[in-house]
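**Student:** dropping a prediction and its sequence here:
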Amino acid sequence: MRVAIISFRTFEYGGVERYAYQLVNHLSKKAEVHLFTNKFIGKTDAKVHLIPAIGKKDIFTVNSFMYFLHRRLRKKSFDIVHSMGPLYLYPDVVTAHMCQKKLLSEAENLFKDFSVTKRSYWKIRTLVAANFQRFSFNNAKKVITVSSLLAKELKISYSLKEPVVIYPGIDFSQEADKTFKKRKREELGINENAIVILFVGGQWTRKGLKYAIGALSFLSKNVLLLVVGSGDTRKYLSFAKQWGVKARVLFLGFKKDVTDYYAVSDILVLPSLYEAFGYPVLEAMAMGLPVVVSSFVGAAEIVEEGKTGYIVREIENPQALSRAINHIITMGPKSFEKKVREKARQFLWENNISRIMSLYGEVIEEKKRANK
């Protein structure tokens, strides 16, 4: 089976980028895989085709990539063309990672901290992406979504019939040894008896970092918040100062590999206002960490309340978030570890690849019947 995977950027970190990277590498064990991408970092057995794009980071960059991609794909033949999002308008299979129309409907809330110019740009960008999604997703023979939450949003927004929910996969992590955890905490200046809450990601307004900071003020003073990701540090330090927790928030910046920070932490929080899935939730669970997420996070679907973590519905209420975190602290984060790891094992990539290959088979049969 010859499979073309399309991803604008493909590497071992990020969200869509990492999903594509892992999909390509696992799929390459089962099929002849060709990756069409603008940027690739890492190793793979797949054939990599680098597609040019004009510019660095704007609407025109992605649109130019789509133009050059279309020209390249016209000259090749594949059994399956599988696109990450609406990068190709005539895919056999597309994996949806977000509903742009939903994002647009929440723009005033999600982009409220942006300048007027930046807010206008993001609205235009999201509107363009939403139109591409409508066209591409309705042309695809199968649409994969990364959560049931996203499947529901796409049905409402684009009148899709039956999206197929396949959660992102995980390459299972092993428990970090205790000496490493102690050494890394010393390196970061964290007391070995402290309770460490981890927040991972950029786009801090959408991901609700200010709610995590607010929740910290209602927790014991030995509870710290570790922030891994890029954003407006000065602004959020100001939030921390207002809440009286500035000394308990550590901003570490962007990290390609977050594994070490899961290893030194006790709990993961993701209080997003909108998140189609939320990769850090699954990664944290694979490392044995209980999680606290908002009900607007797709990955909340894999959280068993009281067993692997908690789901917060009043996410803009810092006390509600702090209560969920405190439940875990009171019970002891380690008491969740066994159940959390067991849950994470259900989402191994090898299981996902079997489902995706089966889906490819259905599409190929459908194409054969259509050509008779």
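**Tutor:** That came through, no problem. Numbering: from 1, shown residues only.
**Student:** can you point out the buried residues in stretch 292-304?
**Tutor:** 292-294, 296-300, 302-303 (16 or more other Cβ atoms under 10 Å). Every residue, glycine included, has its C-beta placed from N, CA and C.
**Student:** which parts of the stretch 151-300 of the chain are helices?
**Tutor:** For the stretch 151-300 of the chain, the helices defined by DSSP state H, counting those that start in this stretch occupy 178-188, 204-207, 209-216, 233-242, 259-263, 279-286.
**Student:** distance to Leu87 added to those helices, as a markdown table?
**Tutor:** Output for the helices of the stretch 151-300 of the chain, formatted as a markdown table (distance: least, Cβ to Cβ, whole Å):
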| stretch | distance to Leu87 |
| --- | --- |
| helix 178-188 | 38 |
| helix 204-207 | 22 |
| helix 209-216 | 29 |
| helix 233-242 | 32 |
| helix 259-263 | 29 |
| helix 279-286 | 19 |
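**Student:** and the ones you listed: which comes nearest Arg74?
**Tutor:** helix 279-286 (33.3 Å; Cβ to Cβ).
**Student:** so which elements touch the closest one?
**Tutor:** Based on contacts counted as 3 or more Cβ pairs under 8 Å, 6 or more residues apart in numbering; DSSP states H and E, the elements that helix 279-286 packs against are strand 195-200, strand 267-270, strand 291-294, helix 337-344.
**Student:** now it: how far from the chain's centre is it?
**Tutor:** Here helix 279-286 is found 10 Å from its chain centre; the criterion is Cα atoms, centre = their mean, to the nearest Å.
**Student:** how big is the angle separating it from helix 337-344?
**Tutor:** When axes from the mean of the first three to the mean of the last three Cα atoms, to 10 degrees is applied, the directions of helix 279-286 and helix 337-344 differ by 130 degrees.
**Student:** re the thing from before, need the helices of the stretch 151-300 of the chain in a markdown table (columns: mean neighbour count and mean pLDDT).
**Tutor:** Shown next, in a markdown table, are the helices of the stretch 151-300 of the chain (neighbours: other Cβ atoms under 10 Å; pLDDT from 0 to 100):
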| stretch | mean neighbour count | mean pLDDT |
| --- | --- | --- |
| helix 178-188 | 13 | 86 |
| helix 204-207 | 22 | 92 |
| helix 209-216 | 25 | 96 |
| helix 233-242 | 14 | 95 |
| helix 259-263 | 18 | 92 |
| helix 279-286 | 26 | 95 |
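**Student:** who wins for proximity to Glu316 among those?
**Tutor:** Nearest of the helices of the stretch 151-300 of the chain to Glu316, taken as Cβ to Cβ: helix 209-216 at 6.4 Å.
**Student:** helices and strands around that closest one, which ones?
**Tutor:** Applying 3+ Cβ pairs under 8 Å, 6+ apart, one finds that helix 209-216 makes contact with strand 195-200, strand 223-228, helix 233-242, helix 318-331.
**Student:** still on that earlier bit, can you tell me which of the helices of the stretch 151-300 of the chain is nearest to Ile51?
**Tutor:** When the helices of the stretch 151-300 of the chain are compared (using Cβ to Cβ), the closest one is helix 279-286, at 24.4 Å.
**Student:** so what pLDDT did Ile124 get?
**Tutor:** According to the prediction, Ile124 has pLDDT 86.
**Student:** in contact with it, which residues?
**Tutor:** The neighbours of Ile124, taking Cβ atoms under 8 Å, 6 or more residues apart in numbering as the test, are Ile59.
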